[in-house]
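A.B. asks: I'll drop the sequence and a predicted model, then ask my questions.
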Amino acid sequence: MEGSDQQRAMDEFVQNVRDCRLTRNQLLKRAAAAGFAATALPAVLAACGSSSSSSTTAVTGGGKAPAKPGGTMKVALPAGVASTLDPQAPSSLQARLRNWNVFDALFVFANDGKLEPALAEEATSNPTATEWTFRLRSGVVWQDGSPFTADDVVYSLQRILDPKTAAEGAGSITMIDPKKIKKVDATTVRVGLKYPFSILPAQMTYYCPIIKAGTKSFNTLNGTGPFKFQGGNNSNYTLVRNPNYWKSGLPHLDRVEVVSIQDDTARLDALKTGQVDAIYPTDFTESASVASEPSITTFVNKAGTFMPMYMTSNQQPFSDNRVRQALKFAADRQTMNQLAYGGEGKIGNDVICLPTDPGYPKGLPQREFDPEKAKSLWNAAGMEGKSVQFYTANVWPGMETAAIAYSQKAKEAGINVEVKKVPDDQFESKVYGVQPFSDDYWYYTPILTIMSQALVPGAAYYSTTEWSTPETTKLYKEAAAQTDETKRNGLEAEIMRRIHDEGPYIVWGFEASPDLYTSRIGGQENSVVRSLNGFRLSKFYVTS
């Protein structure tokens with residue numbers, strides 16, 4: 001099938017998905033006819049379910065939490081990476097899941113996206129936002145019974161900033177001068193900055209876990225979080241309840257067992273047979289296939305994770321903004337959302353925040369799929385008849401599916417996007433920051449935090465896009481120094497407009513994920529941070 005015949009088949013397929021007129025088997029057959037790989041359609045079936053009458057719905061998965069804690073929850077993820085258990089330098093999903101439950105940060109983004117105090121009760125800055133004072137929570141103890149103090153915060157922040165640590169959070173706190181991190185007293189830390197930064201507490205969340213002062217070995221783990229690390233490695237481990245956790249009444253569970261099952265089908269089978277209670281990551285094909293299973297709960301989590309396709313702007317042809325704009329207009333976001341997230345995700349507008357963010361520019365029109373405009377820009381840039389390669393992997397729900405859908409619809413603009421699927425375990429080493437046109441994902445993150453990590457020269461992830469302009473860098477510095485929230489939001493909005501018009505990201509959507517649990521597990525909450533209650537397990541409980 002070629003040319004117009006293939007396009008007609010694909011259009012018919014997409015419309016049938018939107019109208020929910022096809023059964024599961026019909027969808028798979030039509031998908032193949034339309035040019036979609038069956039294995040790359042993780043959300044097609046969600047719109048219509050496993051048959052023409054079933055569907056996935058968001059449910060809470062249980063009643064009230066038990067009066068007394070108890071029970072075990074078993075979670076299966078793909079295989080982890082063999083490496084150190086260092087919580088400040090995680091290497092896999094398993095490592096992050098473990099760290100976010102064994103350790104705490106100074107602040108945390110709650111499931112609704114609001115910044116909340118954790119190990120720090122309060123943070124205040126001087127008038128120029130060049131120095132911050134953190135008042136720490138009293139009465140917190142490490143899991144070895146010793147008290148949490150300012151010494152631990154000073155040690156942790158300095159260690160994160162030490163290049164030898166290769167810490168994940170280093171890019172978040174580059175504005176901190178490690179020589180100006182000082183203990184004031186047992187519960188107070190003062191931090192001096194290299195330049196003004198008005199939202200420093202938002203930088204000091206889950207990427208910057210606090211460890212006990214003097215810790216050099218991670219053969220055993222000693223945190224302040226809701227669970228203790230009982231033993232294991234980066235693939236399989238056991239967590240047990242911390243009876244001295246500083247949050248009263250949490251966690252509900254006595255025990256969490258995390259196991260590695262690399263194969264998607266095997267993970268789902270383990271859930272069906274009750275060998276595990278939750279699996280991650282999941283997609284809408286899987287949720288549709290178990291829609292009629294009374295023993296399985298589907299909880300559709302709508303996160304603030306935005307799904308950009310990045311372009312490295314100092315490499316041809318992406319150095320030409322006409323090319324970047326053409327590729328943005330070639331994105332059929334509605335279809336990508338429908339196929340990747342069953343229509344449950346939010347449509348993106350090539351900016352790095354949700355429309356509900358106070359820094360979102362008012363009146364910014366939604367960029368629509370416009371193959372004619374895309375074609376005109378593409379040809380004007382001298383790209384007529386030329387192809388680009390786009391790299392993807394199944395490392396995040398919806399990525400591969402969206403890439404295939406994008407490639408197919410871009411053909412309407414005369415743009416040939418060759419999708420290159422790479423093994424999941426090679427994505428970070430051989431694709432991310434290496435290939436000039438690739439998938440990406442960003443957890444729910446404030447605008448200035450993303451800017452500080454990726455879109456100003458010298459930022460930790462700047463090499464992925466190599467994009468900034470003198471104007472956006474100036475606006476970023478002004479916004480970072482602005483302590484008046486209203487004025488800061490206005491500066492952020494201007495940055496967003498420029499990213500929309502000139503930036504390196506095709507932000508096609510925001511993630512929705514159908515989390516799957518056995519019906520014995522309750523306590524599910526929607527989290528803008530990510531699935532599995534934002535990777536924080538303390539509120540889950542066993543219903544029976």
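C.D. replies: Nice, thanks for sending it over.

A.B. asks: use CA for all of it now, contacts and neighbours both
C.D. replies: OK.

A.B. asks: Quickly note the distance from G71 to S91.
C.D. replies: As judged by CA to CA, to the nearest Å, G71 and S91 stand 29 Å apart.

A.B. asks: Which one of those two is surrounded by more residues?
C.D. replies: More neighbours surround S91 than the other of G71 and S91, with 18 against 14 (other CA atoms under 10 Å).

A.B. asks: Can I take it that the more buried one is in a helix?
C.D. replies: No. Counting by DSSP: H, G, I helix; E, B strand; the rest coil, S91 is not part of a helix but coil.

A.B. asks: Isn't it up against V81?
C.D. replies: Yes. Using CA atoms under 8 Å, S91 is in contact with V81, at 6.3 Å.

A.B. asks: Report the buried residues of stretch 102-118.
C.D. replies: Residues of stretch 102-118 classed as buried by neighbour count (16 or more other CA atoms under 10 Å): 102-111, 113, 116-118.

A.B. asks: Can you add distance to S519, pLDDT and secondary structure and give these back as JSON lines?
C.D. replies: JSON lines is the format used below for these (distance: CA to CA, whole Å; pLDDT from 0 to 100; DSSP: H, G, I helix; E, B strand; the rest coil):
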{"residue": "V102", "distance to S519": "26", "pLDDT": "98", "secondary structure": "helix"}
{"residue": "F103", "distance to S519": "28", "pLDDT": "98", "secondary structure": "coil"}
{"residue": "D104", "distance to S519": "29", "pLDDT": "98", "secondary structure": "coil"}
{"residue": "A105", "distance to S519": "31", "pLDDT": "98", "secondary structure": "coil"}
{"residue": "L106", "distance to S519": "34", "pLDDT": "98", "secondary structure": "coil"}
{"residue": "F107", "distance to S519": "32", "pLDDT": "98", "secondary structure": "strand"}
{"residue": "V108", "distance to S519": "29", "pLDDT": "96", "secondary structure": "strand"}
{"residue": "F109", "distance to S519": "27", "pLDDT": "95", "secondary structure": "strand"}
{"residue": "A110", "distance to S519": "25", "pLDDT": "94", "secondary structure": "coil"}
{"residue": "N111", "distance to S519": "22", "pLDDT": "93", "secondary structure": "coil"}
{"residue": "G113", "distance to S519": "27", "pLDDT": "91", "secondary structure": "coil"}
{"residue": "E116", "distance to S519": "30", "pLDDT": "96", "secondary structure": "strand"}
{"residue": "P117", "distance to S519": "32", "pLDDT": "98", "secondary structure": "strand"}
{"residue": "A118", "distance to S519": "31", "pLDDT": "98", "secondary structure": "coil"}
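
A.B. asks: who's in contact with the nearest residue to Y406 once chain neighbours are set aside?
C.D. replies: Nearest non-adjacent residue to Y406, counting by CA to CA, 6 or more residues apart in numbering: A331, 5.8 Å away. Taking CA atoms under 8 Å, 6 or more residues apart in numbering, we find A331 in contact with E368, F369, Y406, K409, A410, I506, W508.

A.B. asks: Please identify which of those is nearest to I176.
C.D. replies: I506 (31.0 Å; CA to CA).

A.B. asks: what about the strands in the stretch 1-150 of the chain?
C.D. replies: If DSSP state E, counting those that start in this stretch is used as the criterion, the strands of the stretch 1-150 of the chain fall at 72-77, 107-109, 115-117, 120-125, 131-136.

A.B. asks: strands paired with the second one, and their directions?
C.D. replies: In this case it means strand 107-109. Strand pairing for strand 107-109, using DSSP bridges, gives strand 115-117 (antiparallel).

A.B. asks: quick one: low-confidence ranges for the stretch 1-150 of the chain?
C.D. replies: By pLDDT under 70, the weakly predicted segments of the stretch 1-150 of the chain are 1-64, 67.

A.B. asks: As a check, name the ranges of all helices in it.
C.D. replies: With helices called from DSSP state H, counting those that start in this stretch, the stretch 1-150 of the chain shows them at 3-19, 24-34, 93-102, 150-161.

A.B. asks: how close does the nearest residue to F197 once chain neighbours are set aside get to L221?
C.D. replies: Of all residues not flanking F197 in the chain, A480 sits nearest, at 4.6 Å (CA to CA, 6+ apart). A480 is 35 Å from L221, where distance means CA to CA.

A.B. asks: cool, Y391 as well?
C.D. replies: Distance from Y391 to L221, by CA to CA: 37 Å.

A.B. asks: ok, now A120?
C.D. replies: A120 is 21 Å from L221, where distance means CA to CA.

A.B. asks: Same check on T305?
C.D. replies: From T305 to L221 the distance is 29 Å (CA to CA).

A.B. asks: Looking at the two, which one has more neighbours?
C.D. replies: The neighbour comparison of T305 against L221 (other CA under 10 Å) goes to T305, with 24 against 21.

A.B. asks: Got the confidence number for that one?
C.D. replies: Note on T305: pLDDT of 91.

A.B. asks: now do the one 4 residues further on
C.D. replies: Reported pLDDT at M309 in the predicted model: 98.

A.B. asks: ok, now L354?
C.D. replies: On the pLDDT scale, L354 is placed at 89.

A.B. asks: ok, now which ones touch it?
C.D. replies: For L354, the contact set (CA under 8 Å, 6+ apart) comprises G304, G348, Y360.

A.B. asks: before we move on, the earlier item: ok, now which ones touch the residue nearest to F197?
C.D. replies: So A480 contacts P196, F197, S198, I199, L448, R488 (CA under 8 Å, 6+ apart).

A.B. asks: Is T187 in contact with P147, as I believe?
C.D. replies: No. Taking contacts as CA under 8 Å, T187 lies outside contact range of P147: 10.7 Å.

A.B. asks: the more surrounded of those two?
C.D. replies: Taking neighbours as other CA under 10 Å, T187 and P147 compare with T187 leading, 18 against 15.

A.B. asks: contacting residues for the more buried one?
C.D. replies: Residues in contact with T187 (CA under 8 Å, 6+ apart) are R135, L136, R137, S138, T149, A150.

A.B. asks: Could you pull up the contacting residues of the second one?
C.D. replies: The neighbours of L136, taking CA under 8 Å, 6+ apart as the test, are L119, A120, E121, E122, T149, A150, T187, T188, V189.

A.B. asks: those strands in the stretch 401-544 of the chain, which residues are they?
C.D. replies: Listed in chain order, the strands of the stretch 401-544 of the chain (DSSP E, counting those that start in this stretch) span 416-421, 437-439, 505-518, 521-522, 541-542.

A.B. asks: nearest to K183, of the ones you listed?
C.D. replies: Among those, strand 541-542 comes nearest to K183, with 38.7 Å by CA to CA.

A.B. asks: now for that closest one, which elements pack on it?
C.D. replies: Contact partners of strand 541-542 among helices and strands, from 3 or more CA pairs under 8 Å, 6 or more residues apart in numbering; DSSP states H and E: strand 72-77, strand 521-522.

A.B. asks: residues contacting the residue nearest to Q203 when sequence neighbours are not counted?
C.D. replies: Nearest non-adjacent residue to Q203, counting by CA to CA, 6+ apart: S172, 5.4 Å away. If a contact means CA under 8 Å, 6+ apart, then S172 has Q203, M204, Y207, T449, S452, Q453 as its contacts.
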